[in-house]
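J.: My questions are about this predicted structure, shown below with the sequence.
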Amino acid sequence: MLVPTMGALHEGHASLLRQARTLAGESGTVVASVFLNPVQFDNAHDLSTYPQTPDADLNLCRTCGVDIVFMPTPEIMYCNNRSIRLEETVLSEVLCGARRPGHFAGVCLVVCKLFNLVQPTDAIFGKKDYQQLAILRRMVRDLDLPITMHGAEIVREDDGLALSSRNVRLTPEHRAAAPSIRKALLAARDAWQKDSAASEICAMVRHELESIPGVQVDYVELRDADTLGELHAASTLGLLAVAAYFGDVRLIDNIELPTHA
Ligand code: AMP
């Protein structure tokens, strides 16, 4: 059972590690990878300011019952003249993929390499990165990788902010305002249940977030949760996904919206 992470581990990661321990059982082996993958960063500042806490990460892995921690350097993971690209070409065209060129190709490359190196029977990923999970499921399906994929629910602070390694970079003002994302998504779910139109709901969330000083919305979109394409009459589950800059910190969050059956 493999749990891939980029380190600076928090309770969201811990939840994945504990679920992995349970799924693997006493006889199974839980491997956590901790690797800040440079190839998936489309922004040099984001990479250079990404928090790194290797000692605390090892401790957390220990307390979550992890058997092996794989903590490679970029030099171990990548040859200087690597020349293979691994690109998912449909699900990656929208949401974060449309705004972060090369990001999901970098994610697919590193996760495929980790799968080959560790050879897990199972892997677990968080729904916080909903699009990433969908793309990696597609990679496993289309490349016939013999791995069972598991999706884990989003872990939040008490005030609703989704845990993220980037949260420590928020200013105190933006940290205080950031739970507005969750509040706006919950209000959107209420509006959805009362039959508001998708466009109205997205506009409402955008307006809510843009009223916070220093916040710039990257996108608010309601899509089909399975295909990430347009929500349509036959969609069984919607996904309302948000990305917004709080200062220079990009936060993402989402909520599943069951369609009216
Ligand atoms: P990262 O280290 O950000 O690449 O995340 C490693 C894994 O942890 C990914 O599968 C993420 O989706 C998952 N993850 C990160 N934050 C959370 C969270 N707040 N709740 C659940 N899973 C999370």
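T.: Nice, I can see it.
J.: Going by C-alpha atoms from here, please, whenever you check contacts or count neighbours.
T.: OK.
J.: count of residues packed around the spatially closest residue to V94 that is not a sequence neighbour?
T.: Sequence neighbours aside, L228 is the residue nearest to V94 in space, at 7.5 Å (criterion: C-alpha to C-alpha, 6 or more residues apart in numbering). By the criterion of other C-alpha atoms under 10 Å, L228 has 22 neighbours.
J.: Please apply the same query to P51.
T.: Per other C-alpha under 10 Å, the neighbour tally for P51 reads 18.
J.: Contact partners for it?
T.: 7-8, 165-166 (C-alpha atoms under 8 Å, 6 or more residues apart in numbering).
J.: Now the buried members of those residues.
T.: Taking 16 or more other C-alpha atoms under 10 Å as the criterion, what is buried in these is 7-8, 165.
J.: which of those residues come close to the ligand?
T.: When contact is defined as C-alpha under 6 Å from any ligand atom, the buried ones among the contacts of P51 meet the ligand at G7.
J.: Kindly reformat the buried ones among the contacts of P51 as JSON lines and extend each row with secondary structure.
T.: Formatted as JSON lines, the buried ones among the contacts of P51 follow (DSSP: H, G, I helix; E, B strand; the rest coil):
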{"residue": "G7", "secondary structure": "coil"}
{"residue": "A8", "secondary structure": "coil"}
{"residue": "S165", "secondary structure": "helix"}
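J.: And the buried ones among the contacts of P51, which is closest to the ligand?
T.: Nearest to the ligand among these: G7, at 5.3 Å, using C-alpha to the nearest ligand atom.
J.: ok, for the closest one, nearest residue in space, not its chain neighbours?
T.: G7 sits nearest to V34 (C-alpha to C-alpha, 6+ apart), 5.0 Å away.
J.: what are the bridge partners for the one you found, then?
T.: T5 (DSSP bridges).
J.: Neighbours of it, how many?
T.: Neighbours of V34 using other C-alpha under 10 Å come to 22.
J.: which residues touch it?
T.: By C-alpha under 8 Å, 6+ apart, the neighbours of V34 are 4-7, 69-72.
J.: can you rerun that using 10 Å?
T.: V34 makes contacts with 3-9, 52, 54, 57-58, 69-73, as judged by C-alpha atoms under 10 Å, 6 or more residues apart in numbering.
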